[in-house]
Structures are given as C-alpha cells and as structure tokens.
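Q: Turn this into a structure:
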Amino acid sequence: MIPPKGYCDLRVEKINKDIINAYVALGYNMIAVNTTLDSFSLDSGVSNRKKRKKLENTDNDSTQQDCIPPIKPIENDSNLVILNRLTIKLANPGQFQKLSSSKNFKSYDIMAVEPLNEQVCQEIITSQLVDIIVCNVKNGVISAKGYKVAVDKNIHFELCYGPMVNGYFMRQDTITLAHMLHMKGKSKNIIVSSGANVKTDIRNPHDIINLGLLLGLSNKQSKDSVTENCHLVILKSYGRKLGKSAINVIPINDREQKTVQASKVKL
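A: Numbers count the residues shown, from 1 in each chain. So this is what the prediction gives:
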C-alpha cells in the first residue's frame with residue numbers, strides 16, 4: 001500500500017500507455033481506473049428455486065458466477081500509481097448486501113456507489129464499504145441531513161469534469177449538481193475527477209483547481225478536491241482492507257529516511 005501524495009484523478013474510464021504518459025506529463029501522482037457495474041448485473045446471480053436446484057445438480061467443482069468482474073492487469077512502467085475503482089449503480093438496498101459476499105469485491109481499492117433512489121441513498125451513507133457517492137441531477141441529490149451523516153463517516157462526493165467538455169447539456173447538469181451540493185452541504189468532501197476515456201479528456205491539475213471556483217468551491221476546497229480529499233478516500237480504502245487495527249507500519253525508502261534524519265538533526 002503506497003501512501004497517497006500529490007495530485008490525483010480517481011476516475012479514469014480507460015487506460016493505455018498514451019493516457020498513462022499524459023498523466024505523468026501533467027504531474028499526477030495517483031489515478032484510479034474505474035469499472036462500472038449497473039444494478040441489473042447484481043441480479044444476475046441465483047434468484048429462484050429452479051436455478052438453485054440446477055446449481056445443486058451440477059458438479060461440486062463448479063461455482064456460482066461472481067456478480068462483480070475481476071480487475072484487469074495493467075501494464076505500467078512509470079512512477080504513476082494506478083489503483084482500481086469499482087462504481088456500482090444501485091436501485092435496491094438489498095443489492096448492496098451482495099457486495100460483502102463477493103470475492104472480486106475485495107480486490108478493488110476504491111468503492112463508489114451511484115444511488116438511483118432516496119432509499120438506497122439512506123442505506124449507503126452509513127456504510128463502511130462506501131468511499132465515494134456519485135450523485136446525479138436526474139436521480140435527485142442527497143438531503144442536507146444525509147450529506148452531514150456522510151461527511152461524518154468520511155464519505156466523499158464526486159464531480160466529473162469530463163462530461164462538461166462533451167456538450168452543453170452535460171456541462172449545465174454538472175454545474176447544477178455542483179451548486180446543489182453546495183446548498184446541501186457547503187461543498188464539503190468534494191473530489192473532482194475526469195472520467196477520461198482518451199488522453200484529450202485529461203486536464204492540468206491547476207486548470208481543475210480554477211474550474212472548482214466555477215463549481216462553487218472555495219480556493220482551499222478546489223485544491224483539496226484533487227489532493228487532500230483524494231488522499232483521504234485512498235486512506236479510507238486502505239483501512240477497509242486492513243480491517244480493525246491500532247497501527248499500520250509502512251516502510252519508507254532510503255531517500256525519505258535521509259530526509260527524516262536530516263530534519264531531526266536540524267531540530
């Protein structure tokens with residue numbers, strides 16, 4: 001587990017060598033490759049008695065298909081840290097319970113949920129499994145009370161600037177969503193991601209910080225949306241993987257160790 005630092009983009013839809021080189025050139029330190037799963041995929045498992053009987057009649061070696069796809073290996077020879085993120089669109093609170101029983105779920109670093117109704121939204125704001133909530137103008141926005149509960153649970157909200165580049169209506173929806181989140185929770189715990197499919201969708205971190213002002217964020221909130229808040233999301237995901245623990249020891253390289261020793265000498 002690599003400690004988070006620098007500029008981050010926690011939603012990249014596609015990854016290849018050109019995109020990796022673009023992030024390195026722009027000064028990013030960490031990105032997360034996203035896999036999106038709709039609510040219908042969670043219902044693809046065994047759901048009735050007939051299917052269960054067929055499953056019992058099969059060989060003992062056969063296993064039920066996992067509702068969550070496995071992560072794909074990524075070739076990366078750069079210093080850019082690449083994490084894996086899972087985004088699930090939920091329409092039923094019962095679907096959320098299937099996640100903990102999935103073997104592939106544990107292999108993902110970051111967990112994001114897009115609630116499709118208010119009932120699901122109330123379910124996920126208190127869950128320890130959720131790192132990011134993806135809101136949508138069409139499906140409604142979380143309530144002010146729910147926003148506060150999510151912030152207390154260290155859950156973050158995401159705004160994607162990628163769709164703003166593609167068209168007027170998407171740009172209008174993103175700005176509307178940003179201002180609604182400001183009204184509900186004063187833009188607390190906001191991260192700004194690209195949702196990039198190609199390298200031309202990626203923007204310089206300083207441009208994103210300036211864009212945050214248009215989205216209703218303060219200067220500090222704009223900077224935190226691509227740095228500190230992203231670091232908190234990653235650290236929370238690390239904590240979920242480690243489980244309950246009092247302390248986590250992370251080794252540092254020789255260069256960092258010399259810096260620490262030099263600072264102690266100065267003190």
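Q: Show the contacting residues for Val33.
A: With C-beta atoms under 8 Å, 6 or more residues apart in numbering as the criterion, the residues that contact Val33 are Val12, Glu13, Ile15, Ile74, Ile82, Leu83, Asn84, Arg85. Backbone N, C-alpha and C define where each C-beta goes, glycine included.
Q: which residues touch the first one?
A: For Val12, the set of contacting residues under the criterion of C-beta under 8 Å, 6+ apart consists of Ile19, Ile31, Ala32, Val33, Asn34, Ser194, Gly195, Ala196.
Q: Neighbour count says what about those? Which are buried?
A: Neighbour-count burial (16 or more other C-beta atoms under 10 Å) applied to the contacts of Val12 gives Ile19, Ile31, Ala32, Val33, Asn34, Ser194, Gly195, Ala196.
Q: Now distance to Ile155 too, for those residues, in TSV please.
A: Output for the buried ones among the contacts of Val12, formatted as TSV (distance: C-beta to C-beta, whole Å):
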residue	distance to Ile155
Ile19	28
Ile31	20
Ala32	16
Val33	21
Asn34	17
Ser194	21
Gly195	19
Ala196	23
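Q: returning to that earlier point: weed out the non-buried ones from the contacts of Val33.
A: Neighbour counting with 16+ other C-beta under 10 Å marks Val12, Glu13, Ile15, Ile82, Leu83, Asn84, Arg85 as buried within these.
Q: Just the ones in strands from those residues, please.
A: With strands defined by DSSP state E, the entries of these inside them are Val12, Ile82, Leu83, Asn84, Arg85.
Q: and of the residues you listed, the nearest to Leu232?
A: When these are compared for distance to Leu232, the smallest value, 14.0 Å, is given by Leu83; criterion: C-beta to C-beta.
Q: Looking at strand pairing, list the partners for the closest one.
A: Ala32 (DSSP bridges).
Q: Which residues are in contact with it?
A: Neighbouring residues of Leu83 by C-beta under 8 Å, 6+ apart: Leu10, Met30, Ile31, Ala32, Val33, Asp109, Ile110, Ile234, Ser237.
Q: And the contacts of Val33, which is closest to Met164?
A: When the contacts of Val33 are compared against Met164 (criterion: C-beta to C-beta), the nearest one is Glu13, at 14.9 Å.
Q: quick revisit: reformat the buried ones among the contacts of Val12 as TSV; add pLDDT and distance to Met183.
A: TSV is the format used below for those (pLDDT from 0 to 100; distance: C-beta to C-beta, whole Å):
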residue	pLDDT	distance to Met183
Ile19	96	35
Ile31	97	30
Ala32	97	28
Val33	97	32
Asn34	97	27
Ser194	95	25
Gly195	94	23
Ala196	93	28
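Q: from the contacts of Val33, which is closest to Ile202?
A: Closest approach between the contacts of Val33 and Ile202, by C-beta to C-beta: Val12, at 8.4 Å.
Q: after the strand or helix carrying Val151, next one along is what?
A: Counting by DSSP states H and E, the element that carries Val151 is helix 144-152. As assigned by DSSP H and E, the chain's next helix or strand after helix 144-152 is strand 156-160.
Q: What helices and strands are in contact with that following strand?
A: Contacts of strand 156-160 with other secondary structure elements, assessed using 3 or more C-beta pairs under 8 Å, 6 or more residues apart in numbering; DSSP states H and E, are made with strand 7-12, strand 132-134, helix 168-185, strand 190-193, helix 228-242.
Q: if we compare those, which one ends up closest to Lys153?
A: Within the helices and strands packed on strand 156-160, the stretch nearest Lys153 is helix 228-242; the backing value is 9.3 Å (C-beta to C-beta).
Q: From the chain's centroid, how far away is that closest one?
A: In terms of C-alpha atoms, centre = their mean, to the nearest Å, the centre of helix 228-242 is found 10 Å from the chain centre.
Q: CA atoms of it as PDB?
A: Provided in PDB are the C-alpha atoms of helix 228-242 (Å, rounded to 0.1, in the frame of the first residue of the first chain):
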ATOM      1  CA  GLU A 228      -6.200  16.200   0.200                       C
ATOM      2  CA  ASN A 229      -9.700  14.800  -0.200                       C
ATOM      3  CA  CYS A 230      -8.500  12.200  -2.700                       C
ATOM      4  CA  HIS A 231      -5.800  11.200  -0.200                       C
ATOM      5  CA  LEU A 232      -8.500  10.700   2.500                       C
ATOM      6  CA  VAL A 233     -10.500   8.500   0.100                       C
ATOM      7  CA  ILE A 234      -7.500   6.300  -0.600                       C
ATOM      8  CA  LEU A 235      -6.500   6.100   3.100                       C
ATOM      9  CA  LYS A 236     -10.100   5.000   4.000                       C
ATOM     10  CA  SER A 237     -10.000   2.300   1.300                       C
ATOM     11  CA  TYR A 238      -6.600   1.100   2.800                       C
ATOM     12  CA  GLY A 239      -8.200   1.000   6.200                       C
ATOM     13  CA  ARG A 240     -11.100  -1.100   4.900                       C
ATOM     14  CA  LYS A 241      -8.700  -3.700   3.500                       C
ATOM     15  CA  LEU A 242      -6.600  -3.800   6.700                       C
END
